[in-house]
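Asker: attaching a predicted model along with its sequence, questions to come.
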Amino acid sequence: SEFEKLEWSASDFGVTLPVEYTIVASADANFASTYEVGVTASKSITITVGEMNSAALTLGIAPFEAGDIYFRIITEVKGTNEIANLLSGSITRTVTPYVTEFASIYMIGDAVKGWDTNLAVEVYGTGPNEYSAIAEFNNGGAFRFFSAADWNAENQYNWTFFESGTVDASFENANDGDTNLRFIGTTGFYRITVNIKDLTIIMEAVSQPELYIVGAGAVAAGWDWATPVQFDWIQDGIWETTTEFTNDAFRFFTVRDDWNSGKNYPAYASEEFDIDDKLEDAMDGDNNFYFNGTPGIYKLVINEIEKTIVMADAGTAGPPYYLVGDGTQAGWDWATPVEAVQFDAGVYTADVTLDPAGAFRFFTVKDDWGSGRNHPYYVNDGYMIDPLLIDAADGDNNFKFTGEPGDYKIILDENSKTITLEGGAGDPLWGVGAGLAAAGWDWATPVQFMQIADGKYVGHDVEMINDAFRFFTVKDDWNSGLNYPHYDGEGFTIDAKLENAMDGDSNFLCNTPGTYRVIIDNTAKTITLN
């Protein structure tokens, strides 16, 4: 939508010159800090509501609060720096910017899931200062709101905060030192709606959230209410289930035994859900879901907040494990664990960013610190563990990664009792040649250089002798080789321990035999041996 069309007179330099007009906005009448609205050679510009909103927010006007924006024009003569720019006078407009996404707040306390930040119940931002969610409340329990799932959250809202407003009769002052809110209503499920500006809390009793799958596409269900597949309710709007799917149709239902509560493919598509491509419209008259992937056991997650329907990769054979720790992207936080999907019975794999500065552990149950398994647990059970994963010796004997920081795939196989690592950022490079002691000129035993980040490859404990070798981008393909002149010609800085073998194929040659960590970085254009 159009906010306003601005028009102006031509700048007068006394002669006709080619000029360009830059329209700038500022929240300061002195234009100390500006936002460029647009550049044009004409004498007008149309500003949209969206552009004006972006300008106001960028210039620091608070959402849903009125503020003044000043506009002026800078005229520049094109093609020369010898003529000074001209500045117009300014005009002022008062605007109230808006946002369409709102941060959540969190409930922590035994009135909900417990006094544990890992069990914080998210209450979604639904508007300016307003929050709402469905949660289960326990009679006699207390809680308070936090602006983050953290005891040190910047803002915390207890009974005292709301007492001058309108609070639902199902709450009272807990009088517990922190003046938390005590729930004195009937234990059950409620939609709670909170406004921290108007100081209101409204409670509405609701039925326990339910979601089911019925249909031949879900093997355990079939078209029979005697055996529906029931989702686990994770929190308001988020559902999970792990079950077997086959190439047939099914539908979701919000009420058991009620065919009229069904939600088919168009029901979600019309709400602009991002639906996993293993699911499509069955086009069967009822427009059910149709599973078009490889039959097998999958984890299916429906997120009504983010509007996504996601299925795990084919072969998921049951509940996952989790990696938590600051040696991974998870940190020591149950809000962001790394999920290790169970692809085959007893075989778990996860894409993980590993950092040698930290440590981590495996967990068999989400949100349960007691389910952790550390490095000695697996050693004592006879596991062969990748040499890059060692005992952190940190008091809890967690795992510590000792390789190059980057993206990896970690595979935990309870059948073969192994924990191994693979590069997780893409296809590897391969080293073949007599100069690589473990390889030789044979595709049966190439040395693998894992891709740990886009274009960055690492080989650990690579033994090199005084002979020739080459890198290859495709295994078993001699034509995919990259020799010394290839990298030299691309401007790479190549470690001095490597040189052109001058052997007819201009392979690499290591002039200082030894065992190295080899790093090929296509972004930094370096090949290093450490």
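Answerer: Sure, I can see it. Quick caveat, the model's predicted, so the values are computed rather than measured.
Asker: can you pull out the helices in the stretch 51-200 of the chain?
Answerer: For the stretch 51-200 of the chain, the helices defined by DSSP state H, counting those that start in this stretch occupy 159-162.
Asker: so where's it uncertain?
Answerer: Applying pLDDT under 70 to the stretch 51-200 of the chain flags no residue at all.
Asker: tell me where it has strands.
Answerer: 67-77, 86-87, 91-95, 105-108, 121-127, 130-137, 142-146, 156-157, 166-167, 171-173, 181-183, 188-195, 200-205 (DSSP state E, counting those that start in this stretch).
Asker: how about those strands in a markdown table, adding distance to Leu57 and mean neighbour count?
Answerer: For every residue, glycine as well, the C-beta is placed using N, CA and C. Listed next are these as a markdown table, based on distance: least, Cβ to Cβ, whole Å; neighbours: other Cβ atoms under 10 Å:
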| stretch | distance to Leu57 | mean neighbour count |
| --- | --- | --- |
| strand 67-77 | 10 | 19 |
| strand 86-87 | 25 | 14 |
| strand 91-95 | 10 | 13 |
| strand 105-108 | 21 | 24 |
| strand 121-127 | 16 | 18 |
| strand 130-137 | 19 | 20 |
| strand 142-146 | 25 | 24 |
| strand 156-157 | 25 | 19 |
| strand 166-167 | 31 | 15 |
| strand 171-173 | 35 | 17 |
| strand 181-183 | 33 | 25 |
| strand 188-195 | 22 | 18 |
| strand 200-205 | 27 | 15 |
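Asker: export these to TSV and tack on distance to Ala357?
Answerer: Putting the strands of the stretch 51-200 of the chain into TSV (distance: least, Cβ to Cβ, whole Å) gives the following:
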stretch	distance to Ala357
strand 67-77	44
strand 86-87	51
strand 91-95	46
strand 105-108	29
strand 121-127	30
strand 130-137	36
strand 142-146	29
strand 156-157	32
strand 166-167	46
strand 171-173	45
strand 181-183	40
strand 188-195	39
strand 200-205	43
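Asker: out of those, which comes closest to Ala496?
Answerer: Comparison of the strands of the stretch 51-200 of the chain against Ala496 by Cβ to Cβ identifies strand 67-77 as nearest, at 51.1 Å.
Asker: tell me what the residue nearest to Glu204 when sequence neighbours are not counted is bridged to.
Answerer: Among residues not flanking Glu204 along the chain, Arg191 sits closest, at 4.6 Å (Cβ to Cβ, 6 or more residues apart in numbering). With DSSP bridges as the criterion, Arg191 is bridged to Ile134, Glu204.
Asker: Arg191 contacts Met203, correct?
Answerer: Yes. Taking contacts as Cβ atoms under 8 Å, Arg191 lies within contact range of Met203: 7.4 Å.
Asker: thinking again about what came up before, list the contacts of the residue nearest to Glu204.
Answerer: Arg191 sits next to Ser132, Ala133, Ile134, Met203, Glu204, Val206 when contact means Cβ atoms under 8 Å, 6 or more residues apart in numbering.
Asker: same thing but 6 Å
Answerer: Counting by Cβ atoms under 6 Å, 6 or more residues apart in numbering, Arg191 touches Ile134, Glu204, Val206.
Asker: what's the separation between it and Phe472?
Answerer: 60 Å (Cβ to Cβ, to the nearest Å).
Asker: again with Leu421
Answerer: Per Cβ to Cβ, Leu421 is found 21 Å from Phe472.
Asker: cool, and Gln329?
Answerer: Applying Cβ to Cβ, the value for Gln329 to Phe472 is 31 Å.
Asker: looking at those two, which is more packed in?
Answerer: Phe472 (22 against 16; other Cβ atoms under 10 Å).
Asker: what's that one in contact with, if anything?
Answerer: The neighbours of Phe472, taking Cβ under 6 Å, 6+ apart as the test, are Trp430, Ser480, Gly481.
Asker: can you select the buried ones from the residues you listed in PyMOL?
Answerer: Entered in PyMOL, the line below selects the buried ones among the contacts of Phe472, by 16 or more other Cβ atoms under 10 Å:
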select buried, resi 430+481
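Asker: can I get the lowest-mean-pLDDT helix or strand in the chain in PDB? Just the C-alpha atoms.
Answerer: Here the helix or strand of the chain ranked lowest by mean pLDDT, DSSP states H and E is strand 338-344, holding a mean of 82. Taking Å, rounded to 0.1, in the frame of the first residue of the first chain, the C-alpha atoms of strand 338-344 are listed here in PDB:
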ATOM      1  CA  VAL A 338      21.000 -32.200  18.700                       C
ATOM      2  CA  GLU A 339      18.700 -35.100  17.700                       C
ATOM      3  CA  ALA A 340      20.400 -38.400  16.800                       C
ATOM      4  CA  VAL A 341      17.800 -40.100  14.600                       C
ATOM      5  CA  GLN A 342      17.500 -43.900  14.900                       C
ATOM      6  CA  PHE A 343      17.800 -44.900  11.200                       C
ATOM      7  CA  ASP A 344      18.000 -48.700  11.800                       C
END
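Asker: coming back round to it: which single one of the contacts of Phe472 is nearest to Asp381?
Answerer: Asp381 has its nearest neighbour among those in Trp430, at 33.1 Å by Cβ to Cβ.
Asker: quick one, what contacts the closest one?
Answerer: Pro446, Phe472, Lys475.
Asker: over to the closest residue to the first one other than its chain neighbours. Which of the three states is it?
Answerer: Spatial nearest neighbour of Pro446, excluding adjacent residues (Cβ to Cβ, 6+ apart): Trp430 at 4.3 Å. Of the three states, Trp430 takes strand under DSSP: H, G, I helix; E, B strand; the rest coil.
Asker: try Asp488
Answerer: Put simply, Asp488 is helix when judged by three-state DSSP.
Asker: that one: neighbour count?
Answerer: By the criterion of other Cβ under 10 Å, Asp488 has 14 neighbours.
Asker: next one: the nearest residue in space to Thr200 that is not next to it in sequence from Phe64, what distance?
Answerer: Closest residue to Thr200 apart from its sequence neighbours, by Cβ to Cβ, 6+ apart: Thr166 at 4.8 Å. Computed as Cβ to Cβ, the Thr166 to Phe64 distance reads 21 Å.
Asker: what do you get for Asn466?
Answerer: Asn466 sits 72 Å away from Phe64, going by Cβ to Cβ.
Asker: now swap in Ala524 and tell me
Answerer: Ala524 is 46 Å from Phe64, by Cβ to Cβ.
Asker: likewise for Asn288?
Answerer: In this structure, Asn288 and Phe64 are 42 Å apart, going by Cβ to Cβ.
Asker: for Asp454, same thing?
Answerer: Look at Asp454 and Phe64: by Cβ to Cβ, they are 40 Å apart.
Asker: beta partners of Gly222?
Answerer: Legend: beta-bridge partners of Gly222 under DSSP bridges are Gly215.
Asker: show me what contacts the nearest residue to Ile108 once chain neighbours are set aside?
Answerer: Using Cβ to Cβ, 6+ apart and skipping the chain neighbours, the partner closest in space to Ile108 is Ala120 (5.0 Å). By Cβ under 6 Å, 6+ apart, the residues touching Ala120 are Tyr106, Ile108, Ala149.
Asker: what segments of the stretch 351-500 of the chain are strands?
Answerer: Going by DSSP E, counting those that start in this stretch, the stretch 351-500 of the chain shows strands at 361-363, 372-373, 384-385, 389-391, 399-401, 406-413, 418-423, 429-432, 447-453, 456-464, 468-472, 481-482, 493-494, 498-500.
Asker: turn those strands into JSON lines, including distance to Trp8 and mean pLDDT.
Answerer: Shown next, in JSON lines, are the strands of the stretch 351-500 of the chain (distance: least, Cβ to Cβ, whole Å; pLDDT from 0 to 100):
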{"stretch": "strand 361-363", "distance to Trp8": "64", "mean pLDDT": "97"}
{"stretch": "strand 372-373", "distance to Trp8": "67", "mean pLDDT": "96"}
{"stretch": "strand 384-385", "distance to Trp8": "71", "mean pLDDT": "92"}
{"stretch": "strand 389-391", "distance to Trp8": "67", "mean pLDDT": "96"}
{"stretch": "strand 399-401", "distance to Trp8": "61", "mean pLDDT": "97"}
{"stretch": "strand 406-413", "distance to Trp8": "53", "mean pLDDT": "89"}
{"stretch": "strand 418-423", "distance to Trp8": "58", "mean pLDDT": "87"}
{"stretch": "strand 429-432", "distance to Trp8": "59", "mean pLDDT": "95"}
{"stretch": "strand 447-453", "distance to Trp8": "50", "mean pLDDT": "86"}
{"stretch": "strand 456-464", "distance to Trp8": "52", "mean pLDDT": "87"}
{"stretch": "strand 468-472", "distance to Trp8": "61", "mean pLDDT": "97"}
{"stretch": "strand 481-482", "distance to Trp8": "59", "mean pLDDT": "96"}
{"stretch": "strand 493-494", "distance to Trp8": "54", "mean pLDDT": "96"}
{"stretch": "strand 498-500", "distance to Trp8": "64", "mean pLDDT": "97"}
